[in-house]
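Novice: Okay, sequence plus prediction incoming.
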Amino acid sequence: MTHSYARPDDADVAIAAARAGADVVRGMYGQRLARIDKGAGDFATPADVEAEETIIASIRAARPDDAVLGEEGGRQGPTAAREWLVDPLCGTLNYSVGTMLVAVNVALRNGAAAVADPFSGEVFFTDGETARVRHEGTDAQLAPTPTTQLVDVNLDAPFPSAPGFRTVDLLAHPAFAEHFRPRVVSTTLALAWVASGKRAAYVTDGSALHESVHFAAGIAVCRAAGCVVTGIDGDPIGQASRGLVAAADAETHGLLMSMIRGRGSGGTA
């Protein structure tokens with residue numbers, strides 16, 4: 001649902017900003033880049049920083065009165081009802097070792113959003129109501145489906161939901177192998193893939209994600225495409241929720257939730 005402060009061309013702003021960041025990411029790919037330590041094993045590279053600066057400049061040019069929350073630079077600009085969430089390079093570790101599985105995420109809180117794949121050239125986007133993918137000048141509506149049976153499982157430590165549940169627990173669940181096949185992309189590009197039918201679902205047991213710059217764009221695209229998106233407790237994403245389950249349809253979501261609840265209670269059924 002588009003909120004009252006949304007503007008008709010917000011999706012265009014999101015797409016342009018995500019593409020600008022993707023151009024930087026693609027242009028710096030393969031270079032020997034320094035690691036900027038962020039603690040707890042996390043790091044950024046000059047590509048993250050330059051892409052974020054480019055994205056913010058693009059947003060500023062179109063929406064000078066809006067606020068921006070960036071992964072690298074924090075909150076910038078005026079205090080405003082409209083705030084853009086920016087993750088300039090999701091999959092930094094992949095990128096730093098020469099793996100082209102990354103995403104550039106730009107989202108207006110409660111509004112338009114875009115997820116750009118710098119290497120395929122695809123931009124998955126929503127105006128807050130519908131979800132499409134733009135590739136080589138053509139837009140196509142996103143159609144989630146569980147047909148692939150591929151489920152992306154984020155295995156990054158630490159596991160905030162342990163000992164009750166860890167995403168790694170799904171891999172040992174007998175029913176998981178009966179219905180799905182695990183994949184580890186290590187970037188929220190996988191969320192856009194759920195929306196487009198390339199993945200049946202995505203699961204992570206990360207911390208509260210309702211204001212996360214990493215997940216905002218992917219969640220928005222999934223919701224607009226008609227996916228089922230909840231926390232790992234099955235409740236709507238919110239301040240009290242933890243983790244994320246994004247599924248192509250209700251049946252897939254229900255199967256995964258039954259496994260998650262089974263592992264969380266110590267069962268295997």
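Specialist: Right, received. Where do you want to start? Numbers count the residues shown, from 1 in each chain.

Novice: pLDDT of the helix or strand harbouring residue 53, averaged?
Specialist: Taking DSSP states H and E as the definition, residue 53 sits inside helix 46-62. Mean pLDDT, computed over helix 46-62, is 97.

Novice: from the middle of its chain, how far away would that helix be?
Specialist: Helix 46-62 has its C-alpha centroid displaced from the chain centroid by 18 Å (CA atoms, centre = their mean, to the nearest Å).

Novice: That helix: which residues count as buried?
Specialist: Across helix 46-62, burial judged by 16 or more other CB atoms under 10 Å covers 47-56, 58-60. Where C-beta positions appear, they are placed from N, C-alpha and C, glycine not excepted.

Novice: what packs against the helix or strand just after that helix?
Specialist: On the C-terminal side of helix 46-62, the closest following helix or strand by DSSP H and E is strand 67-70. Packing partners of strand 67-70 (3 or more CB pairs under 8 Å, 6 or more residues apart in numbering; DSSP states H and E): helix 46-62, strand 74-76, strand 83-90.

Novice: Which secondary structure state does the residue nearest to residue 50 when sequence neighbours are not counted sit in?
Specialist: Nearest residue to residue 50 in three dimensions, chain neighbours excluded: residue 24, at 5.2 Å (CB to CB, 6 or more residues apart in numbering). Following DSSP: H, G, I helix; E, B strand; the rest coil, we place residue 24 in the helix state.

Novice: Thought residue 56 was touching residue 24, still the case?
Specialist: No. Counting by CB atoms under 8 Å, residue 24 does not reach residue 56; the two are 11.8 Å apart.

Novice: Please pull out the lowest mean pLDDT helix or strand from this protein.
Specialist: Every helix and strand in the chain was compared by mean pLDDT, DSSP states H and E; the lowest is helix 167-171, with a mean of 86.

Novice: What residues sit buried inside that helix?
Specialist: Neighbour-count burial for helix 167-171 [16+ other CB under 10 Å]: 167, 168, 169, 170.

Novice: which of the buried residues of helix 46-62 lies closest to residue 203?
Specialist: residue 48 (25.0 Å; CB to CB).

Novice: Next one, pLDDT for the residue lying closest to residue 147 once chain neighbours are set aside please.
Specialist: Sequence neighbours aside, residue 197 is the residue nearest to residue 147 in space, at 6.9 Å (criterion: CB to CB, 6+ apart). Per-residue confidence (pLDDT) for residue 197: 98.

Novice: Low-confidence stretches in the stretch 101-250 of the chain?
Specialist: 158-163, 208, 210 (pLDDT under 70).

Novice: what about residue 225, distance to residue 167?
Specialist: Between residue 225 and residue 167 the distance is 22 Å, computed by CB to CB, to the nearest Å.

Novice: quick one: residue 91 from residue 138, how far?
Specialist: 25 Å.
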